[in-house]
Structures are given as structure tokens and as C-alpha cells.
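Novice: Based on what follows, work out the 3D shape:
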Amino acid sequence: MKKFFIGLLMYIIFIVLYFLQADFFSWFTIAGISPNIFVIFILFIGLFTDNKFSLILALLTGITLDLIGGRTLGVTAILFMLIAIAARYFDKNFSKENKFSIIIMVVGMTIGFEVINYFLNVVILEISAEIMAFLKILSIEILYNVLLTIILYRLILKLGSLLEGQFRQKNILTRYF
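Specialist: Next up, the predicted model:
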């Protein structure tokens, strides 16, 4: 039951992040480009919670974004689920306490998300591919996501350790008990 309420709280945080993305960051763009804070959100959920929880939250947030403003239903949900799976891999093989490794994760996930999303939009929606414009947008979005990660790193680490305590506690009774 506690995990359900944590999931509900995470979904409410997602809604707040949506309004931040849609309203607040539309005022603070770099060359007309805003960050993709959902990639950072799903990455950190995947890093600090268990696999099933992060996949369900990634699916729900992705479908919500697709319903609100997406052109193709399910693409964002699948990409968010891939980010959650990659985050579990990163959690097992890299340190979350190292700021540099977190920045590399954010850069990799932003590149992966945007490249696959762009490719699928070109294929599914049959739009023309403008590689140079896409690379400009991608580089600015990476820069913006890295700046946000650096600014919010301590807060995310504290909230993440609280989440990790709820999702990964080991309830093992020793034989000496």
C-alpha cells in the first residue's frame, strides 16, 4: 500500500513537471529550445526504485504525454520504458553518488530518447529529415538537461535515497535474532 501512495505521489510530481515544462521552461528557453525534464525524471525513478515500479510509472507518464500532445500514441511510453530499463542497468554498474556518472547517464538517455523519437517520427509521420536542425536542437537540449541535473543533483539524490529506502529495504531475519 505504501508503494501505491509513493507511485501516486510520483505521478503528481510528473503532473507538476508537465506544467513546469509547458509553462515555466517556455519562458526560459535557449535558442527557443526547452529541456526535456521527463527524461531526467524517468531516469532518476529508474535509478532509485525497483524495476516493476519504474516500468509502470514510465508507461503511465508516457501514455499521458502521448494523450496530451503526442502525435503517435505509445511511442513516448515505449521510450520512457527503455529509459527505465537502461536506468536499472546503470544502477547495477555505475555509482549514483558520482555526479559525473549521473551527467553521462543524462546525456546518453537524452541522446537515445531524442534520436529514436526523431527517427520514429520521420518514419511514422513521413516528415522530412533535417539532420542539421535536429543536431542543433539535440545539442542545446543536452546542454539544458545537464545544467538542470547539476543544479538539482543534491535534491534528487536526497529524494532518491528516500525512495531507495522504501523500495529496496531488505527484511531479512538473521539466525542470531
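Novice: Other residues contacting the lowest-mean-pLDDT helix or strand in the chain?
Specialist: In the chain, no helix or strand scores lower on mean pLDDT, DSSP states H and E than helix 25-27, which sits at a mean of 84. When contacts are defined by Cβ atoms under 8 Å, 6 or more residues apart in numbering, helix 25-27 is touched by residues 34-35, 37. Heads up, the C-betas are built off the backbone N, CA and C, glycines and all.
Novice: so what does the lengthiest helix in the chain touch, helix or strand wise?
Specialist: Longest helix in the chain by number of residues (criterion: DSSP state H): helix 131-167. In this structure, helix 131-167 packs against helix 2-19, helix 37-48, helix 99-125, with contacts taken as 3 or more Cβ pairs under 8 Å, 6 or more residues apart in numbering; DSSP states H and E.
Novice: tell me the mean pLDDT for that helix?
Specialist: Computed over helix 131-167, the mean pLDDT rounds to 92.
Novice: For whichever helix or strand Thr61 is part of, which helices and strands make contact with it?
Specialist: Take DSSP states H and E as the rule and Thr61 turns out to sit in helix 51-69. Packing partners of helix 51-69 (3+ Cβ pairs under 8 Å, 6+ apart): helix 2-19, helix 37-48, helix 75-93.
Novice: still on that earlier bit, Thr61 is nearest to which of the helices and strands packed on helix 131-167?
Specialist: Minimum separation from Thr61 across the helices and strands packed on helix 131-167 (Cβ to Cβ) falls at helix 2-19, 5.0 Å.
Novice: list the buried ones in that closest one?
Specialist: Judged by neighbour count using 16 or more other Cβ atoms under 10 Å, the buried positions of helix 2-19 are 6-7, 10, 14, 17-18.
Novice: where does Ile30 fall, phi/psi-wise?
Specialist: Phi and psi for Ile30, reported as degrees, to the nearest 10, are phi -110, psi 110.
Novice: Please report the distance of it from Lys2.
Specialist: 40 Å (Cβ to Cβ, to the nearest Å).
Novice: And Phe24, by the same measure?
Specialist: Phe24 is 31 Å from Lys2, by Cβ to Cβ.
Novice: Same check on Phe14?
Specialist: 19 Å.
Novice: same thing with Ile156?
Specialist: 21 Å.
Novice: Arg154 too?
Specialist: Distance from Arg154 to Lys2, by Cβ to Cβ: 25 Å.
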